[in-house]
Each structure stands twice: as structure tokens, then as C-alpha cells.
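Undergrad: output the structure for:
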Amino acid sequence: YSPFSYDSLSSKIYQNIVLGFSEKGTQTYGRWFGYLESDSGIDSDAFSFSGVNALISRKPLQSSKFIKTEAIDGIFIYRKKTPAPMMAQLTDFRERDDQVNISGSLDDQRTLPLEMVRVLDDYMRLRLSAHHGNSLVFLSEQHHPWRRAWSGNRQLRVVRVNGFYTGVIIPPGVSDVEFG
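TA: Next comes the predicted model:
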């Protein structure tokens, strides 16, 4: 059993994030939500962190970040113009205790190149870019207090990003990080 595997129940934090993507909200059940009442939130800064790259809608959407790719029997399919990153190495963030805030849209952040070296279930190894100061590896996944990250024999600090997502503070000189 893994604490990071799929769990049909969701946290209240997740439900609140999803509710914030639509000005009228939505109905949530576990990790499922039926719809967004309006398209007002899909171009928001908060939505950019969600990792959503495709949308299906019964009505046309007004968006500067998604384009319609297909319409089939009154169903519209949209894809993100620029793919949403599921992970990124960032240099511009604010730390406070075990919380990190990233201002603005994830799409607009300066990122450093990173390479996924190996993935096996909950284990992941990344090769990072060198940076003169602390950087942050952002993962578009819900933060879990048992998530661990290390480089060699050195444990790295796992933090909550923007109140929900997972991040790891990367000190200068660290070029590889492993998650488990």
C-alpha cells in the first residue's frame, strides 16, 4: 500500500480548490467533480497549477489558454495551447515555514530544465539544473505529509505549495533528487 496511490476520497482543500475554478462553484464527490458552471476560472492563475491539459464541454468556452480541437455531436474538446507542466524547477517563490507560495500563473514562471530519469510507482528520480540559490521542484500533485525527497544521503525539505501542491526545496549544488 502506498499513501500516494489513488484514493477516491479527497481532502477538503482539494474540494475548495475545485470550487474556486468556477464563479458559481461545482458539486464535488471525492476526487470527481461533475462540471464547472462557467469558464471564468480556466484561465486563472490557480487553474494553471492543476496540470489540466484537456477540457470537454457541452458549450463553447471563452479562453485565451485553451483552443478547440474538435466538436462531436455538440460536445466540444479543448486542449491547452501550451502544455501544462506536471512538474517544474522554479527559482521565484516565497518560503514561510513548510509553506511556499508562487505568485501568478505557472505558465508565466521562469523554469529551469529538469529531466525525469526514472519513475517506478511512487519512486521518481529527477536530474536538475544548477542554480546559485535555492530552487523549488514543483509537482502538480496533492501534498502529503509522508512524501519524502532526498539527494544522495541528504534528506530534502518537502513543502506545501500554494496551500495544496507538493514542492521540494533544492539547495544550491544539488543536481539530482529522488522522491519516495
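Undergrad: excluding its backbone neighbours, what's nearest the residue positioned nearest the centre of the chain?
TA: Centroid-nearest residue in the chain: residue 140, 2.1 Å away (criterion: CA atoms, centre = their mean). Nearest non-adjacent residue to residue 140, counting by CB to CB, 6 or more residues apart in numbering: residue 51, 3.6 Å away. Every residue, glycine included, has its C-beta placed from N, CA and C.
Undergrad: how close does that neighbour get to residue 86?
TA: Per CB to CB, to the nearest Å, residue 51 is found 5 Å from residue 86.
Undergrad: shared neighbours, these two?
TA: residue 140 (CB atoms under 8 Å, 6 or more residues apart in numbering).
Undergrad: out of those two, which sits in the busier spot?
TA: Of the pair residue 51 and residue 86, residue 51 is the one with more neighbours under other CB atoms under 10 Å, namely 17 against 12.
Undergrad: so who does that one touch?
TA: Applying CB under 8 Å, 6+ apart, the residues contacting residue 51 are 84-86, 140.
Undergrad: any idea how far it lies from residue 150?
TA: Distance of residue 51 to residue 150, computed by CB to CB: 24 Å.
Undergrad: next one: the residue sitting furthest away from the middle of the chain from residue 117, what distance?
TA: Most distant from the centre of the chain: residue 73, at 31.6 Å, with distances by CA atoms, centre = their mean. In this view, residue 73 and residue 117 are 43 Å apart by CB to CB.
Undergrad: before we move on, the earlier item: for the residue farthest from the centre of the chain, grab phi and psi.
TA: Dihedral angles of residue 73 (phi, psi; degrees, to the nearest 10) stand at phi 50, psi 50.
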